[in-house]
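> Structural data only, the sequence is not supplied:
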């Protein structure tokens with residue numbers, strides 16, 4: 001073999017070995033030893049990863065930190081709600097953490113203390129701030145960011161130029177919607193009505209004190225049962241589990257000038273919870289759902305042990321080159337406790353989004 005060919009072969013071999021080693025460094029022991037719902041991981045400017053989620057403490061939120069996405073340190077409680085003077089009193093859900101202009105902001109959902117009609121679901125969105133990623137966090141305003149006139153959850157933000165966009169889900173509560181599925185459920189004797197949650201987007205003031213303009217409806221469950229999304233987005237109803245269809249847990253990102261919005265459908269506490277996505281040319285849509293939905297769902301029908309995969313967020317590998325999908329699910333071993341998974345994801349050259357999961361390790 002000529003020397004030039006030999007050294008070329010050696011270089012290629014070393015490159016492949018290096019890639020294999022890097023790939024191995026990014027393998028995860030799923031599920032993580034973290035019992036969270038709605039997990040969100042911030043990769044901060046200090047190089048650390050900070051994870052928040054639903055659960056772990058009563059009336060507030062706790063945090064885990066990591067240098068490598070493998071070993072996680074329990075940072076304890078970072079936010080306390082339901083105090084004598086706080087605007088929020090119960091159901092502390094779906095926190096998301098943002099580093100912005102040298103500070104850290106915790107957006108979250110909770111029940112509003114102001115509830116003159118004693119609604120069972122009185123959810124709104126608030127924001128707390130801290131100078132440190134590990135807190136403690138105190139409310140920026142002792143009130144919800146805004147009140148659209150119906151309960152809302154699952155805040156997600158997108159920063160672009162000098163604008164900030166807020167995405168949220170209108171809760172299913174007292175929101176019955178007529179559709180072919182609703183007609184079918186009545187005819188089958190399953191449910192008299194089907195309540196739905198819908199995802200909205202709106203511009204947010206730069207100080208997070210209020211919204212600008214009217215919220216825009218971005219995503220909702222299909223009206224027609226012939227819609228290609230109808231089967232997977234309606235499984236909680238068609239299985240007789242519950243009379244609700246969810247479109248929630250949105251997460252938006254941009255790649256190649258296309259806006260991708262990932263979202264979850266079906267009952268968050270059931271086996272059918274799954275993730276799809278939609279794309280748009282503008283942060284406020286219109287969004288078109290993808291043909292390859294769902295991109296993340298239970299794997300028990302393929303011999304796996306994972307169900308209820310949903311409410312995802314995205315973080316990046318330590319080298320900043322690979323997208324990673326963070327989500328919660330259940331396994332036959334963890335029972336009814338939601339646990340955190342991290343799996344590889346990618347956007348192909350043709351724009352197709354793929355999540356390589358759910359995975360588990362022995």
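Everything's here; your move. Values in this document were obtained by computation on a predicted structure and should not be read as measured data.
> isn't residue 30 right up against residue 361?
Yes: using CB atoms under 8 Å, residue 30 makes contact with residue 361 at a distance of 6.0 Å. Glycine gets a C-beta too; all of them are placed from N, C-alpha and C.
> Who has more neighbours out of these two?
Neighbour count, other CB atoms under 10 Å: between residue 30 and residue 361, residue 30 has more, with 18 against 8.
> Distance check, the more buried one against residue 304.
According to CB to CB, to the nearest Å, residue 30 stands 11 Å off from residue 304.
> repeat for residue 186
For residue 186 relative to residue 304 (CB to CB), the value is 35 Å.
> Equivalent analysis for residue 86, please.
Using CB to CB, we find residue 86 at a distance of 41 Å from residue 304.
> Next: residue 268.
Counting by CB to CB - residue 268 and residue 304 are separated by 20 Å.
> Please apply the same query to residue 190.
Taking CB to CB, one finds residue 190 at 28 Å from residue 304.
> Check residue 81 too.
Distance from residue 81 to residue 304, counting by CB to CB: 36 Å.
> Who has more neighbours out of these two?
Neighbours per residue, other CB under 10 Å: of residue 81 and residue 304, the larger number sits with residue 81, 22 against 15.
> ok, what's across the strand from the nearest residue to the more buried one once chain neighbours are set aside?
Distance criterion CB to CB, 6 or more residues apart in numbering; nearest residue to residue 81, sequence neighbours excluded, is residue 88 at 4.6 Å. With DSSP bridges as the criterion, residue 88 is bridged to residue 112.
> Now do the contacts for residue 88.
Contact analysis of residue 88 by CB atoms under 8 Å, 6 or more residues apart in numbering lists 81-82, 110-113, 126.
> cool, and residue 211?
145-146, 166, 202-205.
> Can you give me the pLDDT of it?
Note for residue 211: predicted pLDDT of 98.
> now the helices: where do they sit in the stretch 101-250 of the chain?
180-187, 230-233, 235-238 (DSSP state H, counting those that start in this stretch).
> next one: the first one to chain centre, how far?
In this case it means helix 180-187. 29 Å (CA atoms, centre = their mean, to the nearest Å).
> Below-threshold pLDDT in the chain: ranges please.
Applying pLDDT under 70 to the chain flags residues 1-25, 362.
> cutoff 50 now
1-24 (pLDDT under 50).
> Can you tell me the closest non-neighbouring residue to residue 354?
Of all residues not flanking residue 354 in the chain, residue 346 sits nearest, at 5.6 Å (CB to CB, 6+ apart).
> about what we covered before: whichever of the contacts of residue 211 end up buried, select them in ChimeraX.
To isolate the buried members of those in ChimeraX, using 16 or more other CB atoms under 10 Å:
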select :145,146,166,202,203,204
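> Correct me if wrong: residue 153 contacts residue 93.
Yes: Residue 153 is within contact range of residue 93, at 6.0 Å (criterion: CB under 8 Å).
> shared neighbours, these two?
With CB under 8 Å, 6+ apart, residue 153 and residue 93 have common neighbours 109, 123.
> From the contacts of residue 211, pick the one nearest residue 356.
residue 166 (29.9 Å; CB to CB).
> Now do the same contact list for that closest one.
Contacts of residue 166 by CB under 8 Å, 6+ apart are 125, 145, 155-157, 201-204, 211.
> so which of the residues you listed would you say is closest to residue 279?
Looking across the contacts of residue 166 and measuring by CB to CB, the closest to residue 279 is residue 201, at 13.9 Å.
> Let me know the distance separating that closest one from residue 263.
Distance from residue 201 to residue 263, by CB to CB: 12 Å.
> okay, the two: which has more neighbours?
residue 263 (31 against 25).
> Tell me which helix or strand comes right after the helix or strand hosting that one.
Taking DSSP states H and E as the criterion, residue 263 maps to strand 258-265. On the C-terminal side of strand 258-265, the closest following helix or strand by DSSP H and E is strand 274-280.
> hmm, who's touching whichever helix or strand comes after that next one?
Following strand 274-280 in sequence order, the next helix or strand is strand 288-289 (DSSP H and E). Strand 288-289 is contacted from outside by 219, 229, 276-280, using CB under 8 Å, 6+ apart.
> Parallel or antiparallel, list what pairs with strand 288-289.
Take DSSP bridges as the rule and strand 288-289 pairs in its sheet with strand 274-280 (antiparallel).
> With distance to residue 240 as new columns, can the contacts of residue 166 be given to me in a markdown table?
Converted to a markdown table, the contacts of residue 166 look like this (distance: CB to CB, whole Å):
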| residue | distance to residue 240 |
| --- | --- |
| 125 | 32 |
| 145 | 37 |
| 155 | 31 |
| 156 | 31 |
| 157 | 36 |
| 201 | 33 |
| 202 | 35 |
| 203 | 40 |
| 204 | 39 |
| 211 | 38 |
